[in-house]
Structures are given as C-alpha cells and as structure tokens.
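>>> can you look at this prediction? I've put the sequence above it.
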Amino acid sequence: MSPEHNNKLASSHAPLCILGLETSCDETGVAVYHSERGLLAHALHSQVAMHRLYGGVVPELASRDHIARTLPLIEHTLTEADCTLADLDAIAYTRGPGLAGALLVGAGLATALAMAADKPLIGIHHLEGHLLSPLLSDSGLTFPFVALLVSGGHTMLLDVIALGDYRLLGETVDDAAGEAFDKSAMLLGLGYPGGPELARMASFGNPQAFALPRPKLHSGDLDFSFAGLKTAVLTKVRQLGTNSCEQSRADLAAATQEAITDVLVSKAMEATRLTNRSTLVVAGGVGANRRLREKLDQACMKAGKHVYYPDLQWCTDNGPMIAYAACRRLQAGLASASRDYAFDVRPRWDLAELVSTASFEHRATAN
Ligand code: KG4
Ligand code: ZN
C-alpha cells in the first residue's frame, strides 16, 4: 500500500470506500459503503430455506454455503456499486462473535482479496455492527443514546455515549430474547426461524388467553431472564395436548410475544430513566418485531423520549452494518486497518473487549 493510502486511513476527514462482509451465522451479507456517498450497493443471501429442513442452523452447512455464495455476491455488489477492488480503501469482515466456521469463510475471503488487491483489512465486532445500524438511515439520530440490543444470541441494554464508548447497563442471565422467540416457536410447532413465525401467528391470537410470567420484571436491575418463560410455554403446550386447535396455539403465541415484549419495554424505559437519556435505539433481529415497536412507540411517547429503529432490512444480519461500522471506526481513529494478513476470528467475543474495561464495568442499578 502506498504511503498516501496509509495517510488517508489515518486522517478522519478523507472519504473512505469500504467493502463489508458479514458471514457470522446464516446470512451472507456484502456491501460497499462510502463515507460521503453512503451505501453504494449491497446484497444478501439468506440460508433460511436450507436450514428450515433441520429446524435450526446447521453450522457445517452454513459454512459451506458461505463459501459458495460470498465471492459471487462480492462481484455482484462491486458491479452494482460501479467500483472495482482498486477503488476500495479497506476490506471489512465480521470477526466475531458467531459460528467459527462461518466466520472463517468471511475472514479468509476478505484476507485473500485484501492481499491480492493490496488493501488493508479490518475485523469488526458483529454486535457493534447491529448497534450502529440505525445510523445507516438518515434519521437525524445522534449520540448519546440507550440501546436495546436484541438478537438471536444477545440481549443487552447499553449506554452508548459515543462511538466506541459503550457502557453495559444490563444483559440476559440465560436465554436471549431472540432465543425465547425461537424456542417458544419450536414448542408451538412453528418453523425456523421462530421469531417472525411466532409474531405472524400472534397477530391473530388473544394475548390475555394465557397467563405467562414476566421474568425479572421487578428485579430492581436491568438484567433479563427468559429461560423460565420457555418452561412456562412448554407447560402450557403440554396442557393443550396434541389436539390443540389453531386458535389456542395463536393465543399462546400472542401471550408469549406479550410477555417477552413487556419485559423488554419495561427495562428499556427504566434504562432511559436511570441514565437520563432522551433517546432509545433498538437494534438486532428482534427489533423487527411489530408488537415490540408498537409498545415502545407508546411508552416513549408517554415518557417524552425519542425512539429509533433500524430500517427493517438492517435489523437482521446484513453487510451494510459491517461496512458502516468499519468506516466509522476508521474515521474516528478507533481502529486501524492492517496489512498484517494473519487474520483470526473470535467466535466468542465480548463487546467489553472493544472498549475500556473501566467504562464497561459500570452497571446501573435501579433505585
Ligand atoms: O440479529 P439477528 O439477525 O442474528 C443474530 O445476531 O442473532 O437476530 C436473529 C433473531 C432470531 O432469534 C429471530 O427469530 C429474531 O431475531 N427475529 C424476530 C423477528 N425477526 C427476527 N423475533 C421476533 N419478531 C420478529 N419479527
Ligand atoms: Zn446479528
């Protein structure tokens, strides 16, 4: 790489053009993001149809599919963006957390391309991608804000003070909210992925028909727990028996969605109160849930807070959030893209490692 190129990445104001790859789980996402022109192109391949046969993600199949899809998607996206590898300032990939094999495909391809095209490489934290995804839309959202990060593997409340300055307010002590949706959906005999299926069924159910627990609703902290709810759903499913009618399953789906979203809304609002923030941001796959959005809209309006959601297409895994996070990190000087092509992946990567431990250790306690 030329010295000018190094200087460009080090400078906060030079425009940057980033190729981003997301392969942490069951979606192959590719994007080209330009710091001044915005999102130039993106493409996504979902493996849902393939995994549906097995009722969940099969890691080995996921890796193999990423191998087959990623390069053609990159070629397509570069063509759509009307640029070549030579026009890129860096190549970004999801370094973790996620499935080891799936991450390795993205990291390996990104590294090979970067070496071949003499471009620097940057590994991105998947959750930071989700966290910053609402900023992809031109919504006027600015730091600081409280973020409710609700995905298939994580449920967290964070005080997002600035780019790279995140304080953990609370998190799940067992299952994630997405897992609660997925596991309850499975108990109700619904397909994979369970969240959207359960939400669809809930739309014609009566949430009052079943009484389900709201775990940790009054725990006095901002942590979550969803494992008990899953057990309660299992008990109700057993009580209904094998001949349960469609309407009672819809009622149970609605009651489950209501219980999960009640806890998420209550804790998110408590987090904005404790931190005195006026803005709440929801990110991650469960952020696509309509009922959650309805209830947060109402609660925020009542409390005089603003609430922002990513575009529906950026709620679940996607390439733009990775390219965007890389762009913001590089421009802020928080990360450097490297030409040391000894890549690694971090299947288990705590978000706390991205930020100073001191700031992450702070946890709010309700009083
Ligand atoms: O963020 P994401 O795509 O992947 C992870 O990083 O985990 O989130 C996937 C999760 C799954 O658990 C899925 O069931 C859930 O998000 N999800 C939903 C909805 N759409 C996706 N949950 C409830 N309602 C939805 N509409
Ligand atoms: Zn995700």
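That came in fine, so what should we check first? Residues are numbered from 1 along each chain as shown. Ligands and ions are numbered 1, 2, ... in the order given.

>>> could you use CA atoms for every contact and neighbour count after this?
OK.

>>> care to break the chain down by domain?
Structural domains of the chain, as assigned by automatic domain parsing, span the residue ranges 3-132+315-366, 140-312.

>>> got the end-to-end distance for the last one?
Just to be clear, that refers to domain 140-312. 17 Å (Cα to Cα, to the nearest Å).

>>> rounded mean pLDDT for it, please.
Taken as a whole, domain 140-312 has an average pLDDT of 95.

>>> just the residues contacting whichever strand or helix holds residue 113, thanks.
Assigned by DSSP states H and E, residue 113 belongs to helix 100-117. The contact list for helix 100-117 (Cα atoms under 8 Å, 6 or more residues apart in numbering) reads 21-25, 59-60, 62-63, 66-67, 70-71, 85-86, 90-96, 119-121, 123, 339, 341, 343-347.

>>> next helix or strand past that helix?
Following helix 100-117 in sequence, per DSSP H and E, is strand 121-125.

>>> CA atoms only for that next one, dumped as PDB, please.
Only the C-alpha atoms of strand 121-125 are listed here, as PDB (Å, rounded to 0.1, in the frame of the first residue of the first chain):
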ATOM      1  CA  LEU A 121      -8.100  -5.300   6.400                       C
ATOM      2  CA  ILE A 122     -10.300  -4.700   9.400                       C
ATOM      3  CA  GLY A 123     -12.200  -7.100  11.600                       C
ATOM      4  CA  ILE A 124     -15.500  -5.900  13.000                       C
ATOM      5  CA  HIS A 125     -17.500  -6.900  16.100                       C
END
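
>>> elements contacting it?
strand 90-96, helix 100-117, helix 319-332 (3 or more Cα pairs under 8 Å, 6 or more residues apart in numbering; DSSP states H and E).

>>> average pLDDT for that strand?
96.

>>> what helices or strands is the helix or strand just after it leaning on?
Next in sequence after strand 121-125, counting helices and strands by DSSP H and E, comes helix 126-132. When contacts are defined as 3+ Cα pairs under 8 Å, 6+ apart, helix 126-132 packs onto strand 90-96, strand 145-150, helix 319-332.

>>> most neighbours per residue, which of the ones you listed?
Most buried of the helices and strands packed on helix 126-132, by mean neighbour count (mean count of other Cα atoms under 10 Å): strand 90-96, with a mean of 30.

>>> picking up where we left off before, closest one to ligand 1 among the helices and strands packed on strand 121-125?
With Cα to the nearest ligand atom, the closest approach to ligand 1 among those belongs to strand 90-96: 10.2 Å.

>>> any idea how far ligand 1 is from the residue nearest the centre of the chain?
Nearest to the geometric centre of the chain sits residue 284, at 3.3 Å (Cα atoms, centre = their mean). Remark: distance between residue 284 and ligand 1 (Cα to the nearest ligand atom, to the nearest Å) = 4 Å.

>>> likewise for residue 309?
Residue 309 is 13 Å from ligand 1, by Cα to the nearest ligand atom.

>>> list the contacts of that residue.
Counting by Cα under 8 Å, 6+ apart, residue 309 has contacts 134, 281-283, 287.
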